[in-house]
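Participant: Need the 3D shape of this:
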Amino acid sequence: RRSVRTHAQAQAALRRSILQNQNCRSGFGRYLSTSAKPMPTENLAGTGSVSTSTGTEQILQRFKACKDQGRPAFVAYTTIGYPNKEESLDVIVALEKGGADVIELGVPFTDPLADGPTIQRSNQLALDGGMRSLDQCLDVVREARKMGVQVPLVLMGYYNPFLMYGERKLMKTCREAGVNGFIVVDLPPEEAASFKASASSEGLSYIPLIAPTTTDDRVEHLLSHADSFVYAVSVSGVTGARKQNNANLGPLLARIKKFSNLPVAVGFGVSSREQFEDAGSKCDGVIVGSEIINQVTKAPKGGIQAHLKTFCEELTGRQAMQVDPSTSTQTLATAPKTEDSTPISNLGVEAKYRFGEFGGRYVPETLMEPLEELEELYYSVKDDPTFKAECEYYYDYIGRPTPLTLANRLTEHAGGAKIWLKREDLNHTGAHKINNGIFQALLAKRLGKKRIIAETGAGQHGVATATACAKLDLECIVYMGAADVERQALNVFRMEMLGAKVVAVDSGSRTLKDAINEAMRDWVTNIKTTHYLVGSAIGPHPFPEIVRDFQSIIGREAREQMLQKAGKLPDMVVACVGGGSNAIGMFHPFVGDESVRLVGTEAAGDGVDTDRHSATLAMGTPGVLHGTRTYLLQETQTGQITSTHSISAGLDYPGVGPEHANLKFTGRAEYKPVNDREALLGFKAITMQEGIIPALETAHAIYQAVEEAKQMSPDEDVLVCLSGRGDKDIGTIRKSLPKFGCKLNVREIPNQ
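Facilitator: Purely as a prediction, here's the structure:
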């Protein structure tokens with residue numbers, strides 16, 4: 001009892017020293033009122049006395065000591081495992097010796113969408129060196145503590161690796177290893193209910209990020225979740241060393257201090273002594289990351305510690321020996337003793353963000369404001385007759401309504417149910433993508449944003465976006481994986497002819513996933529002038545809903561046409577699924593019709609029994625990528641996203657739209673894998689029986705439709721979304737058909 005009272009007194013003193021008034025709305029005061037298990041902390045406040053502290057309190061003690069010394073805290077970043085595991089430890093030790101007060105340890109991730117080239121490179125080198133799991137990262141933390149590193153250590157990373165590890169297990173293991181807290185780049189408080197509660201249960205800190213775009217209301221909301229310090233992102237953009245600080249840093253810090261007296265550390269771009277002193281004169285701490293990674297690269301072989309120590313001393317303008325011993329901190333934190341049995345919700349936000357368990361808004365703080373702006377605009381116009389009329393004005397330009405045709409020879413070939421084709425290939429630009437392209441570009445004009453960026457895989461969304469921008473007089477930049485640029489050269493040329501700038505992305509797998517990463521980095525950097533015209537039903541809310549609604553014209557038309565031509569609804573609807581825009585557009589109007597089976601076809605590549613496929617719903621597990629919770633192809637033990645393969649560039653993606661994830665989870669839709677060979681058989685069947693050359697994406701759906709029709713009776717109907725035409729794929733098909741024994745000049749269709 002005596003030790004608990006002593007601890008409570010120490011807490012009260014710490015609280016009084018940091019909070020300058022009792023009306024602080026940060027929630028920090030409430031946090032410090034909890035009790036904790038006794039755990040010795042040496043040299044607290046320079047007295048040499050023994051006290052106890054949680055991971056959160058140790059961070060606060062460090063900031064307090066720096067304030068008492070009249071200087072800003074030096075918060076240093078490095079990527080765990082960079083340049084390799086052994087030298088990564090040298091970096092951590094050197095940072096402490098060089099005067100770092102807090103060290104952020106980056107957890108390597110395959111898709112660091114908010115990071116610039118320097119930290120992207122350090123992530124990739126760490127992964128290539130085998131640093132793939134959190135357990136491996138925590139081994140480095142344990143080793144650093146054994147080597148005598150005492151400063152608070154904060155894990156910084158992306159949510160999926162933490163999620164896959166298991167939040168409760170993560171917090172306990174991290175505390176025991178010597179971690180003090182977390183900065184999770186794509187986990188805003190709205191999504192962090194369970195994560196923050198789990199961290200608090202072990203006395204670890206959840207550190208929010210506040211960006212220049214964050215509104216005052218949101219600043220206040222974010223600070224209600226802060227408990228140790230606040231990470232102020234000095235610029236809208238990705239990480240990376242810059243030559244000067246943001247001139248608007250002062251107003252950002254003033255807005256933060258209006259709502260909380262917690263310490264504020266500024267990051268993103270500091271690389272020189274002058275920048276450090278300038279930022280440090282305005283705030284409580286200065287974060288340096290990319291320049292440290294650059295210095296590690298410059299260090300002579302075997303000389304990382306000496307080189308980095310010297311750099312840190314020159315950066316901060318002080319020698320390590322000048323650091324007051326009062327800043328030393330015991331390596332292991334304690335877990336607070338709490339009787340709180342409040343259940344932890346798995347989801348942090350209201351249902352409007354989600355499709356059942358899936359969806360959400362897992363994005364860097366900088367993107368929250370434009371997403372809220374887009375959501376507000378969309379909900380204000382989606383049922384507005386004026387906006388509807390504006391969209392309908394372009395129906396003739398697009399080629400709507402597209403026809404519904406009975407594929408009589410393909411039906412005869414299948415020998416079962418009648419097969420109907422919804423001819424989205426007859427749209428202007430040759431695919432369904434133009435629907436969303438035109439309609440979302442109209443939204444962008446209402447937002448006052450004339451610079452449009454987009455991602456593309458097969459190139460059809462890129463062509464559609466370039467077409468919409470040409471028609472509506474908008475600037476257009478399209479990001480495309482370098483591998484897709486090579487296999488979709490015709491569509492690249494079409495985009496450039498339409499006035500778009502095509503950016504080939506060489507990072508990662510060089511496919512659609514990486515194009516999305518790069519597009520999001522562009523958006524983070526240029527949010528004031530730029531709209532990200534997302535092409536599939538993926539990404540953070542409200543994109544999956546917007547894309548679904550704009551593509552639902554496919555299913556609405558098809559439903560009405562089936563009733564007119566067949567006199568009934570189809571018994572089955574089939575569509576290919578990558579991200580899932582054509583499929584969700586086709587499925588959505590039929591979801592309420594229980595008599596209609598919904599069947600999505602995914603790319604099985606070389607086969608789902610290999611690691612070369614893109615069958616996300618058939619073989620994936622739930623996780624978080626590109627702003628949404630959905631099924632992913634990932635290493636389930638590490639949360640790292642795996643490489644994918646498909647003969648079809650448009651289906652070559654390791655995720656899927658969250659509404660599809662929910663349709664699978666609830667059993668309302670079925671998702672079946674179709675491999676490359678089978679897709680080519682479907683391609684050849686419809687080409688030779690119907691005289692229609694489909695996109696390779698669509699060929700997956702054709703194959704499955706024929707297989708399903710075989711098992712059905714002649715009085716039943718299968719409706720297929722023929723999502724695009726295949727001229728873009730002729731080169732790939734020409735190379736691939738002989739590989740599978742299908743000769744172009746033979747009309748005989750191999751047995752399916």
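
Participant: Could you list the low-pLDDT ranges of the protein?
Facilitator: Low-confidence segments of the chain (pLDDT under 70): 1-53, 237-247, 319-352, 742-752.

Participant: what's the burial count for Val93?
Facilitator: Val93: 18 surrounding residues under other Cβ atoms under 10 Å. Bear in mind the C-beta positions are built from the backbone N, C-alpha and C, glycine included.

Participant: Please point out which parts of the one helix or strand it maps to sit buried.
Facilitator: According to DSSP states H and E, Val93 maps onto helix 85-97. Neighbour-count burial for helix 85-97 flags 85, 87-97 (criterion: 16 or more other Cβ atoms under 10 Å).

Participant: cool, and stretch 601-620?
Facilitator: 601-605, 608, 613-620.

Participant: In three-state terms, label Thr131 for me.
Facilitator: I think there's a mix-up here, since residue 131 is Met and not Thr. coil (DSSP: H, G, I helix; E, B strand; the rest coil).

Participant: dump the residue contacts of the closest residue to it other than its chain neighbours.
Facilitator: Excluding its sequence neighbours, the residue lying closest to Met131 (Cβ to Cβ, 6 or more residues apart in numbering) is Gly81, at 2.8 Å. Contacts here follow Cβ atoms under 8 Å, 6 or more residues apart in numbering; on that basis Gly81 touches 88, 108, 125-127, 129-131, 136-137, 140.

Participant: need the next SSE after the strand with the most length in the chain, C-terminal direction.
Facilitator: In the chain, assigned by DSSP state E, the strand with the most residues is strand 597-605. As assigned by DSSP H and E, the chain's next helix or strand after strand 597-605 is helix 616-619.

Participant: and that following helix, what does it pack onto?
Facilitator: Under the contact definition 3 or more Cβ pairs under 8 Å, 6 or more residues apart in numbering; DSSP states H and E, helix 616-619 sits against strand 597-605, strand 628-632, helix 658-666, strand 669-675.

Participant: Quick one: closest of these to Glu176.
Facilitator: strand 628-632 (28.1 Å; Cβ to Cβ).

Participant: Please enumerate the strands of the stretch 351-500 of the chain.
Facilitator: Secondary structure of the stretch 351-500 of the chain (DSSP state E, counting those that start in this stretch): strands at 354-355, 358-359, 404-406, 418-423, 451-456, 475-481.

Participant: Check the offset of the first one from the chain's centre.
Facilitator: For strand 354-355, the separation from the chain centroid amounts to 16 Å (computed by Cα atoms, centre = their mean, to the nearest Å).

Participant: For it, which strands pair with it and how are they oriented?
Facilitator: strand 358-359 (antiparallel) (DSSP bridges).

Participant: List the contacts of the strand it pairs with.
Facilitator: For strand 358-359, contacts defined as Cβ under 8 Å, 6+ apart pick out 353, 541, 544, 622, 628-630, 658-659, 661-662, 665.

Participant: Leu681: which of these is nearest?
Facilitator: Among the contacts of strand 358-359, Ala661 lies closest to Leu681 (Cβ to Cβ), at 28.3 Å.

Participant: Could you pull up the residues touching the closest one?
Facilitator: Listed by Cβ under 8 Å, 6+ apart, the contact set of Ala661 reads 355, 357-358, 617, 622, 629-631.

Participant: These into JSON lines, with extra columns for distance to Cys721?
Facilitator: As requested, the contacts of Ala661 are exported to JSON lines (distance: Cβ to Cβ, whole Å):
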{"residue": "Phe355", "distance to Cys721": "20"}
{"residue": "Glu357", "distance to Cys721": "26"}
{"residue": "Phe358", "distance to Cys721": "22"}
{"residue": "Leu617", "distance to Cys721": "17"}
{"residue": "Pro622", "distance to Cys721": "26"}
{"residue": "Arg629", "distance to Cys721": "26"}
{"residue": "Thr630", "distance to Cys721": "21"}
{"residue": "Tyr631", "distance to Cys721": "21"}
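
Participant: Looking at these, state which has the most neighbours.
Facilitator: Thr630 (32 neighbours).

Participant: so it touches Pro654, yeah?
Facilitator: No. Distance between Thr630 and Pro654: 10.1 Å, which falls outside the contact criterion (Cβ atoms under 8 Å).

Participant: hmm, back to that, can I have the buried ones of the contacts of Gly81 as a ChimeraX selection?
Facilitator: Buried residues within the contacts of Gly81, by 16+ other Cβ under 10 Å, are selected in ChimeraX with:
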select :88,108,125,126,127,129,131,136,137,140
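
Participant: Do a quick rundown of the helices in the stretch 651-752 of the chain.
Facilitator: Listed in chain order, the helices of the stretch 651-752 of the chain (DSSP state H, counting those that start in this stretch) span 658-666, 676-690, 696-710, 730-736.

Participant: Make TSV out of the ones you listed and add distance to Val534.
Facilitator: Listed next are the helices of the stretch 651-752 of the chain as TSV, based on distance: least, Cβ to Cβ, whole Å:
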stretch	distance to Val534
helix 658-666	13
helix 676-690	25
helix 696-710	17
helix 730-736	25
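
Participant: Which among these is found nearest to Gln488?
Facilitator: helix 730-736 (8.5 Å).

Participant: in that closest one, what's buried?
Facilitator: 732-733, 736.

Participant: Identify all contacting residues around it.
Facilitator: Contacts for helix 730-736 (Cβ under 8 Å, 6+ apart): 487, 489-490, 647, 676, 680, 683, 693, 696, 726, 744.

Participant: give me phi/psi at the residue nearest to Met131?
Facilitator: Dihedral angles phi and psi of Gly81 (degrees, to the nearest 10) take the values phi 90, psi 0.

Participant: ok, now the one 3 residues further on?
Facilitator: Asn84 adopts backbone torsions of phi -160, psi 170, taken as degrees, to the nearest 10.

Participant: of the contacts of Ala661, closest to Pro403?
Facilitator: Checking the contacts of Ala661 against Pro403 with Cβ to Cβ, the nearest one is Leu617 at 29.6 Å.

Participant: doesn't Tyr631 make contact with that closest one?
Facilitator: Yes. Between Leu617 and Tyr631 a contact is recorded at 5.4 Å, counting by Cβ under 8 Å.

Participant: what's the overlap in contacts for the two?
Facilitator: By Cβ under 8 Å, 6+ apart, the residues touching both Leu617 and Tyr631 are 656, 661, 664.

Participant: got a list of what the first one touches?
Facilitator: Contacts for Val656 (Cβ under 8 Å, 6+ apart) come out as 538, 577-580, 616-617, 620, 630-631.

Participant: dump the residue contacts of the most centrally placed residue in the chain.
Facilitator: The centroid of the chain falls nearest to His626 when counting by Cα atoms, centre = their mean (2.5 Å). By Cβ under 8 Å, 6+ apart, His626 lies in contact with 111, 113, 513, 516-517, 520, 538-540, 655.

Participant: Same check on Pro542?
Facilitator: 371, 374-375, 378-379.

Participant: try 10 Å this time
Facilitator: 352-353, 359, 361, 371-372, 374-379, 382, 549 (Cβ atoms under 10 Å, 6 or more residues apart in numbering).
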